[in-house]
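> Build me a model:
(2 chains)
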Amino acid sequence: MIRSRWIRPPGRIVNVVARSIGNAFRNWIRTTAVVAVLAVAIGLALAMLVSNQAVESKVGELNASVGTVLTVNPAGGQGFDGGGEPLTSATAKTAAAVPEVTSVVATKQLRLSPASSSSTGQAAVPGGPGGFGGQGTSVSTSLQPAVAAGTLGNRNNSGGQTSQYGGTAQTRTFQLPITATGTGAEVDSSGKALNITSGTGLGDYTAKSTKALLGTTLAQKNNLTVGSTFTIDGTTYVVAGLFDAGTEFGNNAVYLTLPQAQAVAGTPDEVSSLVVTVNSMENVDATRTALQTALGSGKADVTQGTRGLETAVSSLKSVQNISLIAFIASLATAGLVILFIMILLVRERRREIGVLKAIGAPNRTIGLQFVLESLVLVVMGSVVGAMIAAFASNGIAAALVSSNTSSASTGRAGGPGGGFPGGGPGGGGFLGGAGALLSSVNASVSPGVLGLGLAAVFAVAVLGSLVPALLTARIRPIEVLRGE
Amino acid sequence: MIEVKDLVRQFTSGDRTIKPVNGVSFTLEAGSFASIVGKSGSGKSTLLSLLGALDKPSGGDVLVDGVSLASLSDAGRTAYRRKDIGFVFQQFNLVPNLSALENVMLPMEFAGVSRAARKARAQALLERVQLDAEKHGRKANRLSGGEQQRVAIARALANEPKLILADEPTGNLDEQTGEHIIALLSSLAREQGTTVLVVTHDRGLARMTERRFRLQQGRLEEEARTRS
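Residues are numbered from 1 along each chain as shown, chains lettered A, B, ... in the order given. Down below sits the predicted model:
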C-alpha cells in the first residue's frame, strides 16, 4: 500500500522543463555556438520583419497621402515641358461621367515672369529644360519670386542666359518664375484643400475674377497683404487671401479662378490637368483603368497622385518584398539550425533515450523533452537576436531603402509632370520630397512586431524540433543493452 | 509469479539464423531470488531483455501474474517496465547530467509520484545502498563505478517493482559492497516478495541465490534449488 500513498497527480511538465533546461546546458561550448548562430538568424529575421512592417506602414502612409485622388495630364505632357495635345473642358466632362468618380477639378497652369527681368535684359521668360514646348503659358507679373534661383537654378538655366552683344559678354541673373494655378475649386494641384491662413478664398472658382490667393512667402517677399494689389499681364489683381502650402516652393505661387487663368493664357477651353476624386480607396485602381480607357491612352495619362510618388511606393514595395523574403529565409535558417542540432543530439543521446524508455518513460515525455530543449535554445537565441534586431533594424531598413531607391531618384530631379513640380527649372522637383519620404522610413522594434516575429520563430522552432522528437519514438529500449 | 513458456529469440544474418534463446521455459514464484550463469554470448542478456519487455520474442511468451507480455501494445510494455520491472544494467546507464538523487527519482517521475515523495524515497533508497549522503547531489558522471552501480540499484528499486532484473549487479563493486548489495536484493525477495533474477559470471554470487540456472547454447537448465 506504500505505492498508493505516494502516488500523486503528475507534475511532469515542470520536471520535463527542468530537465530540458539542464540538458540545454550540458555542453557550454556547443550551446554557445548554437545560440550564437540562432541569434544571428533570429536577429536577422526580426530585423527584416521590423523593416517590412516599417516599409508597409510607410507605403500605407504614402498611399493615404495620395488618397482617392487621380491626376489626369495630357499624354506626353511634363508640366511646363514636353508635348502632346491639351486637355479641354470636354475631357473634364468625360472624366466626370466615369463611374465611381465623385468630382473633377480642372486646373490651368501659368508661369509668371517677374517684370523686372525684362528690364535687366533677360529673356522674357527663362526657359528651363524642355523650353516652351509644354502646356504652361508664361506671362509677366509685377511680383518678385520668393525663392532665389541659387546655384542649381542658375546652373540649369545658364545655357540660355548668356549672349554676345557686339563682342561683349553680358551675363544675366536668372530668376525663378512664379507658378500660378487657375483652379476650378479651392484645392491644390494634388487635390488637397488649400490652407488659407488669412483672408478668404476666391468665392466662385468657375467664374472669371481678378481676386487671387498668394503663398505666404510670396506675399511677404512682395510686401503684400490681404487687400493689396499686383498685376499679371497688365491686369490688376486683389489679394483675397494668403495660403500656406507647407514648402518654400509651394508658397512661391498664386491661385486664380480657372476661367481667369484660361483667359490670361488665351486658351479659354484648355486645362493643364484634372484632379479626379474617386469615391473609395478600393475603387481607385479600377477607376484609374476606366478613366484611362474613357479618355484614351494616346490623349491623357492618368496617374495616382504623382508619378514620383508612384515610383517611391513602387521602390518601397520592392524593399518590402525583399525584407519579407529575407525574413522567411532567416526563419527557415533558424528552423534548419534547430532541426540539425536536435537530430545531432538525438543521435548522440540514443543510448540515454533507450535508458529512459527502459525505465518506463513514455514516448511523448521524451519527445516533449527534446522539443522543450530546442525551445530553451531558441529562447536564448531570441533574447540575443531581439537585441541585435533592436540595434540593426534601422540600419538594415535604411540600407535596403537607399539601395532600392537610389536608382529611382537619380536623374529624375526636375520632375515628373502633372501639375507643378515644385519649382520648375532648378527647383528640385518632386523627388526631393520623395527622397525625403523614403529616407524617413523609421524602423523601430514595437512590441507587436516583436511578438509577431517571436511567435513565428517559435513556431518554426517547434516544427524544426518535431522531426527529431519523432525520431526518439523510433528508438527501441533494447538499444540500451547494445554494446553491453 | 513469472512464467516463461517455450521462449525463443532468433536473429537472421544473411542465410544464417542464430537463436540465443531457444525454447526456454521456467517459472519463478513471487519472492524468488534466482540467478542465471553462462558464458559470454550465451544469450543471458537477450533473455533478460525478453523478460523485461525491452525486446519482443520470436516465439513463446512470458506471463507476469498471468498477463501475457506478447499481448501488450508498445504503450502497455512501457507501462509494464515502468511499474513492474526494475533494471540494473551492467553499464549502469545512469543519465549523466542528473544527480544521483535525480536519477533515482526519474522512474518515480514517470510513474506520477509527487516530487516530495520522490525525493524522500530516493534518499532512503540511496542510504539503503550505502551511498554517502554528500554524494546524493553529485552528478552521475562524477561518481565512481561502484557508486554508479549502487545508484543504478537504487533506481531499480524506485517504483517497488514485482521483478528486478540485474545484469552483473556486483561486477563493479568491491567485495564488501557487493555482499551488501546481494544481501539487499535477497532481503527484497524475502521481505517484500520481489522476484529477483540476477545474470552473472560470478559463481560465488550465484551460490548466494536460491535458484541457479545455466544458459548454454540458448537452452536453460536449472542447476540448483535451495528453496521450493
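> so residue 87 bridges to which residues?
Using chain A here. As for beta bridges, residue A:87 partners with residue A:271 under DSSP bridges.
> could you do chain B instead?
Counting by DSSP bridges, residue B:87 is bridged to residue B:165.
> where does it sit relative to residue B:115, distance-wise?
From residue B:87 over to residue B:115 the distance is 23 Å, taken as CB to CB, to the nearest Å. C-beta here means a position set from N, CA and C on the backbone, and glycine is covered the same way.
> With residue A:265 instead?
According to CB to CB, residue A:265 and residue B:115 sit 91 Å apart.
> more crowded one of the two?
Between residue A:265 and residue B:115, counted using other CB atoms under 10 Å in any protein chain shown, the more crowded position is residue A:265 (22 against 14).
> what's the pLDDT at that one?
What the model reports as pLDDT for residue A:265 is 89.
> Got phi/psi on it?
Dihedral pair for residue A:265: phi -80, psi -20, per degrees, to the nearest 10.
> With residue A:475 instead?
Phi and psi for residue A:475, reported as degrees, to the nearest 10, are phi -80, psi 130.
> List the contacts of it.
Remark: with contacts taken as CB atoms under 8 Å, 6 or more residues apart in numbering or on different chains, residue A:475 is in contact with A:346, A:350, A:353, A:354, A:357.
> element containing residue A:316, please.
Element membership for residue A:316 (DSSP states H and E) is helix A:307-348.
> Poorly predicted segments of chain A, please.
Within chain A, the ranges that satisfy pLDDT under 70 run A:1-12, A:63-67, A:76-84, A:116-137, A:149-174, A:305-311, A:403-445, A:479-484.
> give me the residue from it nearest chain B.
Going by CB to the nearest CB, chain B is nearest to residue A:360 of chain A, at 2.4 Å.
> interface residues of chain B facing chain A?
For chain B, the contact set with chain A under CB under 8 Å from any CB of the partner chain comprises B:45, B:48-49, B:52, B:54-55, B:75, B:78-79, B:81-83, B:85, B:87, B:89-91, B:93-98, B:106-115, B:117-118, B:121, B:155, B:159-160, B:167.
> Go again with 6 Å.
Within chain B, the positions lying close to chain A (CB under 6 Å from any CB of the partner chain) are B:45, B:49, B:54-55, B:78, B:81-82, B:87, B:90-91, B:93, B:95, B:97, B:107, B:109-110, B:112-114, B:117, B:160.
> Could you turn the buried ones of the residues you listed into a ChimeraX selection?
The ChimeraX selection below is limited to those of those classed as buried (16 or more other CB atoms under 10 Å in any protein chain shown):
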select /B:45,49,54,55,78,81,82,87,90,91,93,95,97,107,109,110,113,114,117,160
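> Just the residues of chain B next to chain A: which are in helices?
When the residues of chain B next to chain A are checked against helices (DSSP state H), the matches are B:45, B:49, B:78, B:81, B:82, B:107, B:109, B:110, B:117.
> Low-confidence stretches in chain B?
Using pLDDT under 70, chain B drops low at B:227-228.
> Please repeat the previous calculation with a cut-off of 80.
Residues of chain B that meet the criterion pLDDT under 80 lie in B:41, B:90, B:171-174, B:177-178, B:223-228.
> Pick out the residue in it sitting closest to chain A.
Of all residues in chain B, the one sitting closest to chain A is residue B:82 (2.4 Å; CB to the nearest CB).
> Tell me how many other residues crowd residue A:271.
By other CB under 10 Å, 27 other residues sit near residue A:271.
> From the contact counts, what lies against the helix ranked longest in chain A?
Longest helix in chain A by number of residues (criterion: DSSP H): helix A:363-409. Helix A:363-409 makes packing contacts with helix A:12-24, helix A:28-66, helix A:307-348, helix A:429-439, helix A:447-474 when contacts are defined by 3 or more CB pairs under 6 Å, 6 or more residues apart in numbering or on different chains; DSSP states H and E.
> Among those helices, which comes closest to residue B:143?
Residue B:143 sits nearest to helix A:12-24 of all those, at 17.1 Å, using CB to CB.
> Please spell out which residues along the closest one are buried.
A:12, A:15, A:16, A:17, A:19, A:20, A:23, A:24.
> just these now: which is nearest residue B:11?
When the buried residues of helix A:12-24 are compared for distance to residue B:11 (CB to CB), residue A:23 wins out at 33.5 Å.
> And for that closest one, nearest residue in space, chain neighbours not counted?
Closest residue to residue A:23 apart from its sequence neighbours, by CB to CB, 6 or more residues apart in numbering or on different chains: residue A:373 at 5.1 Å.
> From residue A:464, how far out is the one you found?
Note on residue A:373: its distance to residue A:464, by CB to CB, is 12 Å.
> ok, now residue A:231?
Distance of residue A:231 to residue A:464, computed by CB to CB: 77 Å.
> all helices of chain B, in order?
B:44-51, B:74-84, B:100-110, B:115-128, B:145-157, B:175-192, B:203-207.
> Any idea which of those helices gets closest to residue B:138?
Closest to residue B:138 of these is helix B:100-110 (CB to CB; 6.0 Å).
> by contact count, what packs against the closest one?
Helix B:100-110 packs on helix B:115-128, helix B:145-157, going by 3+ CB pairs under 6 Å, 6+ apart.
> Buried deepest among those, which one?
Highest mean neighbour count of the helices and strands packed on helix B:100-110: helix B:145-157, a mean of 25 (counted as mean count of other CB atoms under 10 Å in any protein chain shown).
> now the angle between helix B:100-110 and that helix, please.
Helix B:145-157 and helix B:100-110 are oriented at 20 degrees to each other (axes from the mean of the first three to the mean of the last three CA atoms, to 10 degrees).
> chain center to helix B:145-157: distance?
Chain-centre distance of helix B:145-157: 12 Å, with CA atoms, centre = their mean, to the nearest Å.
> Now do residue A:466: how many residues are near it, please.
When neighbours are counted by other CB under 10 Å, residue A:466 comes out with 17.
> Kindly report the same for residue A:293.
Around residue A:293 there are 11 residues (other CB under 10 Å).
> who does the one helix or strand it maps to touch, helix- and strand-wise?
Assigned by DSSP H and E, residue A:293 belongs to helix A:284-295. On a contact count with 3+ CB pairs under 6 Å, 6+ apart, helix A:284-295 meets strand A:300-304.
> which neighbours does the strand it packs on have in its sheet, and in what orientation?
strand A:69-74 (antiparallel).
> Pretty sure residue A:316 sits against residue A:59.
Yes: Residue A:316 lies in contact with residue A:59 (CB atoms under 6 Å); the separation is 5.1 Å.
> For these two, work out which one has more neighbours and name it.
Legend: neighbour count by other CB under 10 Å for residue A:316 and residue A:59, higher for residue A:316 (25 against 19).
> Against residue B:140, how distant is that one?
Residue A:316 is 59 Å from residue B:140, by CB to CB.
> Equivalent analysis for residue A:329, please.
Distance from residue A:329 to residue B:140, by CB to CB: 42 Å.
> Neighbour count for these two, which is higher?
Neighbour tally, residue A:329 and residue B:140, criterion other CB under 10 Å: the higher count belongs to residue B:140, 22 against 14.
> What count of nearby residues applies to the residue nearest to the more buried one when sequence neighbours are not counted?
Distances taken as CB to CB, 6+ apart put residue B:94 closest to residue B:140, at 3.9 Å, once the chain neighbours are dropped. Counted with other CB under 10 Å, the neighbours of residue B:94 add up to 26.
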